[in-house]
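Colleague: Below: sequence and its predicted model.
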Amino acid sequence: MRTLNQATDDELVKLYEAGDNSAFEILLLRYKSKAYTYIYLIVRNRELAEDIFQDTFIKAIATIQQGRYVESGKFLAWINRIAHNLIIDHFRREKNENTFSADAVDYDIVNNAKLSEKSVEDVISNEQVLTDVLHLINYLPLSQQKVIRMRYFEDLSFKEIAEKTDVSINTALGRMRYALLNMRRIAAEKNVYLEIK
């Protein structure tokens, strides 16, 4: 009998759609390191890479949960496409209308010293962080869960969130801030270490 670890990416996506969270954890373990490396090579900033990485997987989860994932047999390519779009969005916001394309980036991945910075322990630790974050969202008060889901799952701006929830932009921003603080507090209480190396 085949184990979950032997399942194809598309089989794991179907299992996750059907409610098997461990199937997504296996996908995360398979591709976390490659996805993070892809992002980091483009943005060259550890903190920004971590933010985009987390947004990428939150968006992937939302897409799968909404039944919008299209089977292609290329899960990593799909994840990297989501990451690429988030990177472009970030640089557009930074430079207003100047777009950024990864095609313009010419890195020699094989000989890049940046890739040798992370130890095996770091990689394993990073893979666990994302799965923990997914569980922590459920412990938040509903108003904070709603802001996080609208921001990351529906890709709404804080202005749109404020309008939809009938509150001011400052309240929406405050709820997001408290949600993140609460997730850190809950993580500390449960001895979950939330730092991507």
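Modeller: It's in.
Colleague: Give the next helix or strand downstream of the helix or strand of the chain with the lowest mean pLDDT.
Modeller: When the helices and strands of the chain are scored by mean pLDDT, DSSP states H and E, helix 120-137 comes last with a mean of 57. Downstream of helix 120-137, the next assigned helix or strand under DSSP states H and E is helix 142-148.
Colleague: Residue 163: neighbour count?
Modeller: 13 (other CB atoms under 10 Å). Quick note: C-beta positions are derived from backbone N, CA and C, even for glycine.
Colleague: can you check residue 166 too?
Modeller: 7.
Colleague: Next: residue 168.
Modeller: 11.
Colleague: And it, how far from residue 159?
Modeller: As judged by CB to CB, to the nearest Å, residue 168 and residue 159 stand 10 Å apart.
Colleague: which stretches of the chain have low pLDDT?
Modeller: 1, 95-135, 152-155, 192-197 (pLDDT under 70).
Colleague: At which residues are the helices of it located?
Modeller: For the chain, the helices defined by DSSP state H cover 9-17, 21-43, 46-65, 75-94, 120-137, 142-148, 158-165, 169-189.
Colleague: Residue 3 is nearest to which of those?
Modeller: helix 21-43 (9.4 Å; CB to CB).
Colleague: Determine the set of other helices and strands touching the closest one.
Modeller: Helices and strands touching helix 21-43, by 3 or more CB pairs under 8 Å, 6 or more residues apart in numbering; DSSP states H and E, are helix 9-17, helix 46-65, helix 75-94, helix 120-137.
Colleague: Determine which of those approaches residue 183 most closely.
Modeller: Among the helices and strands packed on helix 21-43, the nearest to residue 183 by CB to CB is helix 120-137 (4.6 Å).
Colleague: any chance of the helices of the chain in JSON lines, plus distance to residue 2?
Modeller: Formatted as JSON lines, the helices of the chain follow (distance: least, CB to CB, whole Å):
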{"stretch": "helix 9-17", "distance to residue 2": "9"}
{"stretch": "helix 21-43", "distance to residue 2": "12"}
{"stretch": "helix 46-65", "distance to residue 2": "21"}
{"stretch": "helix 75-94", "distance to residue 2": "18"}
{"stretch": "helix 120-137", "distance to residue 2": "22"}
{"stretch": "helix 142-148", "distance to residue 2": "35"}
{"stretch": "helix 158-165", "distance to residue 2": "43"}
{"stretch": "helix 169-189", "distance to residue 2": "34"}
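Colleague: okay, how far is it across stretch 67-76, tip to tip?
Modeller: 18 Å (CA to CA, to the nearest Å).
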